[in-house]
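>>> any chance you could fold what I've pasted below:
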Amino acid sequence: MASKDAQNQRRGLPSFLPGVPDPDESLPASYSNPGNQAWQLSRPLPRSFLPTLDLIIIHQQVELLGMILGTETSNKYEIKNSLGQRIYFAVEESICFNRTFCSTLRSCTLRITDNSGREVITVNRPLRCNSCWCPCYLQELEIQAPPGTIVGYVAQKWDPFLPKFTIQNANKEDILKIVGPCATCGCFGDVNFEVKTINEKLTIGNISKYWSGFVNDVFTNADNFGIHVPADLDVTVKAAMIGACFLFDFMFFEHSLAGL
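Coordinates of the predicted model:
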C-alpha cells in the first residue's frame, strides 16, 4: 500500500471531492503534504470521493429563454476537469419572485450532483446586503458536503476598495482569504481573485473569471470560471471554493438584457 501511495504521489494524483466512488476501493484518501497549516484540515472524510486535478472549470449554461425575454432564470453550471470532462452539474433552486425583485442578491440553494444524479454538495445562500457602504449583514454562503453536513462557509468581509472574502471551517473560524481586484467588470480580460493565507503573505491559488469575448459578455449570462488550487488542498476547502465561484458570479458578473 505504501508503494502504491508513493506511486500515486509521483504521478501527481490529487485529493478527493464528493462524487463517484473511488475506482480503487483499497486506496484510502490521504494528503501528500498534511503539515500543520490551517488550510489543510485533518477532518476525516467519506470514502466515496472522485479524484480531482488542480484545475476545476465551471461553465455556466446559456439560458436561451432569458436571452430572448430578458428575464432572469435559474442558473445552471457544468463543473469540469482540466480535460473538459464533466464531473458535476449544479442547478440553482430559487423562486421567481426572488429572481425578479431581488435579482443578484436573491436567496437560493445550489445543488451539485455527480454524473449519476446523486447530490454531493449543497450550497445555501441567504438574502444579504452587498455594498461597500454597508459594513454589516454582508454576503455569506453555507457549504454542505455531503448534503446535511456543514463543512464550511464563505463570508464577505467589508472593505471600501477591494472585494474581500474568507473561507471558514464548520466552526466559522477563518482559514483562508480571497482578495479580488478593484475593478471586476472583466470587459476585455480575465478577472482574478487570489486565494491567500490569513496573513495575506502567501497566495495558494486563484479563482478566475475567463473573458469569453465582448458579445458573450454583453448579450448572455454565460460565464466561464477556473479554480486553480493545490492538488493536496483539503476537499472541504475545494468545495467552499466552488461555492465562492458561484457567489462571485451572482455578485459581479450576473446580468441580462433586461439590465442593459
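>>> now do the strands in the stretch 51-200 of the chain.
When secondary structure is read from DSSP state E, counting those that start in this stretch, the stretch 51-200 of the chain shows strands at 55-60, 76-80, 86-93, 108-114, 119-125, 140-144, 150-157, 164-169, 174-179, 191-196.
>>> how about those strands, which one is nearest residue 235?
With Cβ to Cβ, the closest approach to residue 235 among those belongs to strand 150-157: 8.5 Å. Every residue, glycine included, has its C-beta placed from N, CA and C.
>>> which strands border the closest one, and is each parallel or antiparallel?
strand 140-144 (antiparallel), strand 164-169 (antiparallel) (DSSP bridges).
>>> need the ones you listed in CSV (columns: mean pLDDT and distance to residue 108).
Output for the strands paired with strand 150-157, formatted as CSV (pLDDT from 0 to 100; distance: least, Cβ to Cβ, whole Å):
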stretch, mean pLDDT, distance to residue 108
strand 140-144, 95, 10
strand 164-169, 96, 18
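>>> among the ones you listed, which is nearest residue 99?
Nearest to residue 99 among the strands paired with strand 150-157 is strand 140-144 (17.6 Å), distances taken as Cβ to Cβ.
>>> now do that closest one and strand 119-125, the angle between them.
Following axes from the mean of the first three to the mean of the last three Cα atoms, to 10 degrees, one obtains 160 degrees for the angle between strand 140-144 and strand 119-125.
>>> residues in contact with strand 140-144?
Contact with strand 140-144 is made by 121-126, 128, 150-156, 236, 239-240, 243-244, 246-247, as judged by Cβ atoms under 8 Å, 6 or more residues apart in numbering.
>>> and if we set it to 10 Å?
Contacting residues not belonging to strand 140-144 are listed as 109-112, 119-126, 128, 149-156, 165, 167-168, 170, 172, 236-237, 239-244, 246-247, 250 [Cβ atoms under 10 Å, 6 or more residues apart in numbering].
>>> which of those residues are buried?
Neighbour counting with 16 or more other Cβ atoms under 10 Å marks 110-112, 119-125, 128, 150-156, 165, 167-168, 170, 236-237, 239-244, 246-247, 250 as buried within the contacts of strand 140-144.
>>> and residue 240, what does it touch?
Residue 240 makes contacts with 121, 123, 141-143, 145, 151-154, 165-169, 175-176, 178, 234, as judged by Cβ under 10 Å, 6+ apart.
>>> repeat that with 6 Å
The contact partners of residue 240, taken as Cβ atoms under 6 Å, 6 or more residues apart in numbering, are 143, 152, 154, 167.
>>> residue 83: which of these is nearest?
Ranked by distance to residue 83 (Cβ to Cβ), those are led by residue 143 at 25.4 Å.
>>> I'd like to know how far the closest one sits from residue 193.
For residue 143, the distance to residue 193 (Cβ to Cβ, to the nearest Å) stands at 17 Å.
>>> in the chain, which segments are predicted with low confidence?
1-53, 63-71, 131-134, 186-188, 212-222, 255-260 (pLDDT under 70).
>>> redo that, cut-off 50
Scanning the chain for pLDDT under 50 picks out the ranges 1-36, 38-39, 41-51, 214-215, 217-220, 256-260.
>>> in it, which helix has the most residues?
Ranked by residue count under DSSP state H, the longest helix found in the chain is helix 235-248.
>>> okay then, goodbye and thanks.
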